[in-house]
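A.B. asks: this is the structure alone, sequence omitted:
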């Protein structure tokens with residue numbers, strides 16, 4: 001079993017992700033039920049894939065916005081993917097910012113859309129940093145279980 005202080009830190013970190021609205025408690029709890037002895041690293045893998053993919057989606061949105069003319073089909077596809085993957089993971093703030101971004105661009109408000117993209121990028125950096133620490137703690141706790 002993992003050391004008590006490590007498990008306590010992990011529990012505090014997990015709760016802070018919920019308290020800050022970065023992750024949805026209900027969705028993460030559901031994902032945790034999918035982890036089993038056949039796939040003991042499921043939650044870490046899902047989180048890691050999200051971090052990789054969401055970074056790629058945001059970069060693609062930004063590049064599509066910089067083209068002339070703006071590549072709306074690519075932007076729409078990447079925003080849709082980001083919205084879906086953030087909802088599936090329970091990344092609440094990322095999902096909310098993505099919805100705002102989509103609304104601004106659908107309304108034709110380019111300036112608000114660009115501002116929303118910058119806000120999304122900042123939120124994403126914050127999320128990535130905190131989730132990376134949490135993933136590291138999960139791995140460490142599992143290693144100490146053996």
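C.D. replies: Looks like it arrived, so ask away. Since the structure is predicted, the reported quantities are computational estimates derived from the model, not experimental observations. Numbers count the residues shown, from 1 in each chain.
A.B. asks: can you get me a residue count around residue 73?
C.D. replies: 9 (other Cβ atoms under 10 Å). In short, each C-beta sits where N, CA and C put it, glycine included.
A.B. asks: quick one: it from residue 105, how far?
C.D. replies: In this view, residue 73 and residue 105 are 12 Å apart by Cβ to Cβ, to the nearest Å.
A.B. asks: swap in residue 137?
C.D. replies: The value you get for residue 137 to residue 105, if Cβ to Cβ is used, is 37 Å.
A.B. asks: the more surrounded of the two?
C.D. replies: The neighbour comparison of residue 137 against residue 105 (other Cβ under 10 Å) goes to residue 105, with 22 against 19.
A.B. asks: pretty sure that one is touching residue 113, no?
C.D. replies: Yes. Between residue 105 and residue 113 there is a contact under Cβ atoms under 8 Å: 4.5 Å.
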